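Asks: Sequence first, predicted model second:
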Amino acid sequence: MLREMADVDREVETVLKRIQYPLLKQEQKTILNWLIQNSDCVAVLPTGFGKSLLFQLYLPVKRAFWSVTTAMGRL
């Protein structure tokens, strides 16, 4: 599980660099990790906190993580 979370963190950093966004807040990381694990999640955060960014990050991170884990499973 820790290895998978490290992979997710690495993919998040890659996507953030691609969209030129500096860093995620801890709450954003927590929510994104829940989503990547296909867990239900309700995020109640203040206006301007960056909730929309999570929707923009989810699919590229999920795709990258899925392709990495699928390739590793074939080895």
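Replies: Perfect, I can see it now.
Asks: Give me the three-state assignment for residue 43.
Replies: coil (DSSP: H, G, I helix; E, B strand; the rest coil).
Asks: give me the number of residues near it?
Replies: A count of nearby residues for residue 43, using other C-beta atoms under 10 Å, gives 14. Every C-beta, even on glycine, is put in place using the N, C-alpha and C of the backbone.
Asks: Look up how far residue 25 lies from the residue nearest to it when sequence neighbours are not counted.
Replies: Counting by C-beta to C-beta, 6 or more residues apart in numbering, residue 31 is the residue found nearest to residue 43 once chain neighbours are left out, at 4.9 Å. Using C-beta to C-beta, to the nearest Å, we find residue 31 at a distance of 10 Å from residue 25.
Asks: more neighbours, the two?
Replies: Per other C-beta under 10 Å, whichever of residue 31 and residue 25 has more neighbours is residue 31, with 21 against 12.
Asks: Identify the residues contacting the residue nearest the centre of the chain.
Replies: Centroid check for the chain by C-alpha atoms, centre = their mean gives residue 32 as the closest residue, at 4.5 Å. Residues near residue 32 by C-beta atoms under 8 Å, 6 or more residues apart in numbering: 8, 12, 24, 54, 57-58, 61.
Asks: Ok, residue 54 next?
Replies: Neighbouring residues of residue 54 by C-beta under 8 Å, 6+ apart: 28, 31-32, 35, 43.
Asks: count of neighbours near the closest residue to residue 40 other than its chain neighbours?
Replies: In this structure, residue 40 finds its nearest non-sequential neighbour in residue 34, 7.8 Å apart by C-beta to C-beta, 6+ apart. With neighbours defined by other C-beta under 10 Å, the count for residue 34 comes to 15.
Asks: Kind regards, and thank you for your time.
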